[in-house]
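Trainee: Mind looking at a prediction? Sequence and model below.
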Amino acid sequence: MALDVGTKRIGVALSDFLHIIASGHSVIDRNPEQAAIEQIKKIAQDNHVNTIIVGKPLNMDGTQGFQAEDCINFSENFKNEFTIILEDERLTSS
């Protein structure tokens, strides 16, 4: 499972069985945050997920800004149940 964590919404993607291609699954409203966390956990459990990749939007110089810190903090909600990978997402849109 991959999460694109924003301040208002969270994009969820799931990989295929062979972990080759990820496809968009859903978009979850972040507020209320606890409800969003529970929705993500349910999707993960329903799809037998054991690893969650969270996009970490670093600044171009490699430093962590507000949004990267927010993504890291949000991912802490899942660390006890899933393996968490924080992935540098610089330049992924281009």
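Mentor: Here it is on my side, so go on.
Trainee: buried set for the helix or strand encompassing residue 11?
Mentor: Remark: residue 11 resides in strand 9-15, with elements defined by DSSP states H and E. When burial is assessed from 16 or more other CB atoms under 10 Å, strand 9-15 yields the following buried residues: 10, 12, 14, 15. (C-beta placed from N, C-alpha, C; glycine too.)
Trainee: Name the nearest of these relative to residue 42.
Mentor: Sorting those by how near they are to residue 42, with CB to CB, puts residue 12 at the top with 10.9 Å.
Trainee: Contact partners for that closest one?
Mentor: With contact set as CB atoms under 8 Å, 6 or more residues apart in numbering, residue 12 has these partners: 1, 2, 3, 24, 25, 26, 27, 28, 40, 43.
Trainee: Need the buried ones from those selected in PyMOL.
Mentor: Applying 16+ other CB under 10 Å to the contacts of residue 12 leaves a buried subset, and the PyMOL line that selects it is:
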select buried, resi 1+2+3+28+40+43
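Trainee: Switch the buried residues of strand 9-15 over to TSV; also include pLDDT.
Mentor: Written out in TSV, the entries for the buried residues of strand 9-15 read as follows (pLDDT from 0 to 100):
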residue	pLDDT
10	97
12	97
14	97
15	94
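Trainee: which among those gets closest to residue 75?
Mentor: Checking those against residue 75 by CB to CB gives residue 10 as the nearest, at 11.0 Å.
Trainee: which ones are touching that closest one?
Mentor: Counting by CB under 8 Å, 6+ apart, residue 10 makes contact with 3, 4, 27, 28, 30, 36, 40.
Trainee: State the three-state secondary structure for residue 7.
Mentor: Applying DSSP: H, G, I helix; E, B strand; the rest coil to residue 7 yields a three-state assignment of coil.
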